[in-house]
Structures are given as structure tokens and as C-alpha cells.
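S.K.: What follows is a protein structure lacking sequence information:
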């Protein structure tokens, strides 16, 4: 059985344990609808690398990109093993903005994401990535809370 409602689903993941539930949820929706999953990881370099800070900037960026590639490889394997078609997407920038821009500019039908890794004081200062995506995306969003 497939549905025309969801043909392209983006699963945004930060590689955390919290995002694993979102990946599982996205896989189940894709199986029911026959959708392709676009597994999205955003390397959050702007919050780590200041424009004023030049020493080692490129080395840190490269290290973060390599880490993102490793996370994407693991996510892709999980999705492929489920039998769902998957495309990898690795972006760099502010996560909420990149998730929204990718979904809207690539005709995604649904965004699936967990309550991503930021918590406590950092969340208070910066806000939740998931909250920003829900508030500003024109694409429907499913937010999967962690199991605790």
C-alpha cells in the first residue's frame, strides 16, 4: 500500500540517541506511504566557529564535516536495512534554518525530527531546533520526543 500524501520525507538527525526514535518513526511512515527518505544532517559550524576566529578554523570545520559524514553513514545503513530508499544530505549552517530551507526548496512532503540534543541552559539561550522548525516551516513536521 502506498500513499500519494508522502512521497519525500526528510528525517533530520543530529546523531543523538534522541534522534534514533525519530529515524524509526520516519522509516515506518515511509514504509506505509512508499516514500523516499532524505536523511539530513546539519553540521552546526556557525555556533562553534566565530568569524573573528581564524586560527585552526578550517581544521575544526573539516573535523566537524567528517564527523557529520560518519553519522550520515550510520543513519543511511539503518534506513537501507529497513528496505526504504534513502538519500543522504549533509549541510552546513544553522540547523533549524537549513532543515526548513532544504524541505521547502526540495518539495519535501514531511519533516520528521526528534527533540534534538540541546537541553538545559543552552536550549534556554538558543531555543530548541525542533521548536524553531515547527514554528517557521511551511512543510508539516512530526516531532518525536525521546522515550524518557
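M.R.: Nice, thanks for sending it over. Nothing here was measured: the structure is a model prediction, and the numbers come from that model.

S.K.: Looking only at residue counts, what's the top helix in the protein?
M.R.: Ranked by residue count under DSSP state H, the longest helix found in the chain is helix 57-81.

S.K.: Next, the buried residues of that one.
M.R.: Neighbour-count burial for helix 57-81, counted by 16 or more other Cβ atoms under 10 Å, picks out 64, 68, 71, 72, 75, 78, 79. Where C-beta positions appear, they are placed from N, C-alpha and C, glycine not excepted.

S.K.: Which helix or strand lies directly C-terminal to the lowest-mean-pLDDT helix or strand in the chain?
M.R.: Lowest on mean pLDDT, DSSP states H and E among the helices and strands of the chain sits helix 120-126, with a mean of 51. Following helix 120-126 in sequence order, the next helix or strand is helix 129-136 (DSSP states H and E).

S.K.: how near is the residue nearest to the spatial centre of the chain to residue 138?
M.R.: Central residue of the chain (Cα atoms, centre = their mean): residue 12, 1.6 Å from the mean position. Note on residue 12: its distance to residue 138, by Cβ to Cβ, to the nearest Å, is 15 Å.
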